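Chemist: here is my input, please return the structure:
(chains A and B)
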Amino acid sequence: MIRQLSVFVENKPGSLMDVTSRLTEAHINIRAVASFDTPEFGILRLVVDKPAEAKGCLTEKGFVVRLHDVIGVELEDKKGNLNQMLAILAEGRINVNYIYSFVIREGKAPVLVFSTDDYEGAAQILKDAGVKMVEESDL
Amino acid sequence: MAGVALKDWKEKIRDPKIECMSRDEMSALQSGRLVQQVKNVYENVEFYRKKMDEIGVEPGDIKGIEDIGKLPFTTKEDLRDNYPFGLLAVPQEKIARVQGTSGTTGKLTLASYTQNDVDVWGECVARGLTMAGLTEADRIHVCYGYGLFTGGMGLDLGAKALGAMAIPMSSGNTKRQLMCMEDFKATAFACTPSYALYLAEAAQEAGIVDRLQIKASINGAEPWTDEMRKKIEGILHINSFDIYGLCEITGPGVAMDCIHHKGLHVYEDYFYPEILNPGDDTPCADRETGELVFTTLAKEGMPLIRYRTKDLTSIEYSTCECGRTLPRIQKFTGRTDDMKVIRGVNVFPTQVETALLSMGGGVAPHYLMIVERENNLDVLTVMVEVDERYFSDEIRKLDELKNKVGAALKQALGVSARVKLVEPKTIERSEGKAKRVIDKRDL
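Modeler: Residues are numbered from 1 along each chain as shown, chains lettered A, B, ... in the order given. Predicted coordinates for the structure are as follows:
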């Protein structure tokens, strides 16, 4: 299980930097980042080394932050691997809300992060299919 | 049509006996009506009997209009507390119609009229239409909303009393408005000033101004400037007039300005105006600004004694160049509360607060209303600070939240609002009372 931070940001210059500079100040390491936006606002999603601490420091600075359980799976960089993993989820009728990837893991395989409403079901299906899931401690 | 220049204007007065009455005669008329009205409310409205008993005033203490200061006030909150029919001075079966306006919270402010009240209302609007140079030969295109809002019905009743033709368009659908205006050969139209300007520009854009037979417009229900009036007059080549009223007192037709545009003539034989110092409620001197307070001297259904409008203005008693002795109230300079008039609808921040409670969490989030004018139409944006209780990780849920808030606001306010979700703590906190409204309109 990976705990992801979701931060509400307005769509205006500097709003992402506001978040990252707070985390830098607090010596928190960002492992992955993805942002999703509308014309007015966005959600910045982050995987960091110390999620609870990161949430505390951002909340203190007035950000709205949520910790959200997401699933991280290891995918070797081979053709069709993503498709295969998604096929497993589709067969299991698991709905993926959003998905993003991060690659920088000092020699280890890339990780793909996704969110689903059926967290337990997805974890079980992936486990049964032999897909390797990543824990926070592996990051 | 060409607007009439002031030098060529021929003033018409519907009821010269009343509208040009000497001050002494008017005072005598008002005194007689007030004495009667106070006796009426004391005997028939429990609310007033209690209020008068509390401050030790009996009907016999009121001998004339000069004693009005002895009487208790009535507020919008009193109307809310006695909603819907608690202030009737006649049995329910005598009520011929109701009209409503927004209240400070979810409930409406409701006014009840007997048939006589409806007739008086029409008569007052007809005086105003005459002031705008209209006669029974005219065709009046009413694009105020018809319904509980008094705008549409008020102008309709006025046209009827005048013997003119009413075109009951109601609001919206500008293309259709212009088509009917042209096809039915309307000679006057009535709507909010901002919509009048919007219509004027739409007519200009469509290149149909020369084909219209409009000579006058009657515009009110929201504040506007002389510049705006001149703009409407300039585009359509007409004369525009400012009409004022409030549902609690009767609706449009409480006061209206004449061609000289030196303030709005109050029909003081029916609606007695006082201007009071906001600090201590003492009467203001002539031309001094204070809160406008009305007493309905002849209303039967729901008479109101010293009703606080919370509008700030001044009054002028000198005889007008048009010949009328009716006093003139000036354009409003503000309010004693934070009510805003948006597209003709009264909007209170408290209503926004109530609507935002529907977001859940038990406490309304921090918000700010911004009122602007885009293409001559009022636009309300409500900025809402997102907080942890309703922040979701997913864009679609935030969009849903935004739409839900928008729908709740529309339902509560009666006007649509844009919702903008903003980061927490980004709306400025002012010291003491929170600033809930920023009005960027140049009124």
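Chemist: wait, B:D257 sits on B:N239?
Modeler: No. Assessed by Cβ atoms under 8 Å, B:D257 is found out of contact with B:N239, at 10.7 Å. Every C-beta, even on glycine, is put in place using the N, C-alpha and C of the backbone.
Chemist: what residues does the residue in the stretch 201-350 of chain B that chain A sits nearest to make contact with?
Modeler: Among all residues of the stretch 201-350 of chain B, B:I342 sits closest to chain A, at 21.3 Å; criterion: Cβ to the nearest Cβ. For B:I342, the contact set (Cβ atoms under 8 Å, 6 or more residues apart in numbering or on different chains) comprises B:222, B:371, B:378, B:380, B:413, B:415.
Chemist: got JSON lines for these, with secondary structure and distance to B:V41 too?
Modeler: Formatted as JSON lines, the contacts of B:I342 follow (DSSP: H, G, I helix; E, B strand; the rest coil; distance: Cβ to Cβ, whole Å):
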{"residue": "B:E222", "secondary structure": "coil", "distance to B:V41": "31"}
{"residue": "B:V371", "secondary structure": "strand", "distance to B:V41": "37"}
{"residue": "B:D378", "secondary structure": "strand", "distance to B:V41": "37"}
{"residue": "B:L380", "secondary structure": "strand", "distance to B:V41": "37"}
{"residue": "B:L413", "secondary structure": "helix", "distance to B:V41": "32"}
{"residue": "B:V415", "secondary structure": "coil", "distance to B:V41": "34"}
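Chemist: quick one: name the residues of chain A near chain B.
Modeler: Within chain A, the positions adjacent to chain B are A:6, A:8-10, A:15, A:36-38, A:40-43, A:45, A:59, A:62-66, A:68, A:97-98, A:115 by Cβ under 8 Å from any Cβ of the partner chain.
Chemist: re the thing from before, for the residue of the stretch 201-350 of chain B closest to chain A, which non-adjacent residue is spatially closest?
Modeler: Distance criterion Cβ to Cβ, 6 or more residues apart in numbering or on different chains; nearest residue to B:I342, sequence neighbours excluded, is B:D378 at 4.7 Å.
Chemist: what number of residues lie near that neighbour?
Modeler: By the criterion of other Cβ atoms under 10 Å in any protein chain shown, B:D378 has 22 neighbours.
Chemist: isn't it up against B:M369?
Modeler: No. With contacts counted by Cβ under 8 Å, B:D378 stays clear of B:M369, the gap being 11.5 Å.
Chemist: break the chain down into its structural domains.
Modeler: In the absence of a named chain, this looks at chain A. For chain A, the structural domains run A:2-68, A:70-138, going by automatic domain parsing.
Chemist: actually, chain B is the one I wanted.
Modeler: According to automatic domain parsing, the ranges for chain B are B:6-337, B:341-439.
Chemist: show me the contact partners of the helix-or-strand element of chain A with minimal mean pLDDT.
Modeler: Here the helix or strand of chain A ranked lowest by mean pLDDT, DSSP states H and E is strand A:30-37, holding a mean of 84. For strand A:30-37, the surrounding residues in contact (Cβ under 8 Å, 6+ apart) are A:9, A:11, A:16, A:20, A:23, A:42-49, A:98, A:100-102, A:104, A:111, A:113, A:139, B:395.
Chemist: got it, and stretch A:93-105?
Modeler: A:31-32, A:34, A:36, A:45, A:47, A:75, A:86, A:89, A:110-118, A:121-122, A:125, A:139, B:394.
Chemist: in that stretch, what's buried?
Modeler: Using 16 or more other Cβ atoms under 10 Å in any protein chain shown as the test for burial, stretch A:93-105 gives A:94, A:98-100, A:102.
Chemist: again, but for stretch B:44-58
Modeler: Of all the residues in stretch B:44-58, those buried under the rule 16+ other Cβ under 10 Å are B:44-45, B:47-48, B:51-52, B:57.
Chemist: if we can go back for a sec, please name the bridge partners of the residue of the stretch 201-350 of chain B closest to chain A.
Modeler: Taking DSSP bridges as the rule, B:I342 bridges to B:V345.
Chemist: how much space separates it from B:V35?
Modeler: 40 Å (Cβ to Cβ, to the nearest Å).
Chemist: what comes up buried for stretch A:116-126?
Modeler: Across stretch A:116-126, burial judged by 16+ other Cβ under 10 Å covers A:116, A:122-123, A:125-126.
Chemist: hmm, back to that, can you tell me how far the residue of the stretch 201-350 of chain B closest to chain A is from B:K440?
Modeler: For B:I342 relative to B:K440 (Cβ to Cβ), the value is 12 Å.
Chemist: okay, and the common contacts of the two?
Modeler: Taking Cβ under 8 Å, 6+ apart as the criterion, B:I342 and B:K440 both touch B:V371.
Chemist: which stretches of chain A form strands?
Modeler: With strands called from DSSP state E, chain A shows them at A:2-10, A:30-37, A:41-48, A:65-74, A:96-102, A:111-116.
Chemist: got the residue ranges for the helices in chain B?
Modeler: B:16-19, B:23-44, B:46-54, B:76-81, B:115-131, B:150-162, B:174-183, B:193-205, B:226-236, B:349-357, B:395-413 (DSSP state H).
Chemist: could you tell me the least trusted of these?
Modeler: Among the helices of chain B, helix B:349-357 carries the lowest mean pLDDT, at a mean of 82.
Chemist: and that helix with helix B:395-413, angle?
Modeler: When axes from the mean of the first three to the mean of the last three Cα atoms, to 10 degrees is applied, the directions of helix B:349-357 and helix B:395-413 differ by 140 degrees.
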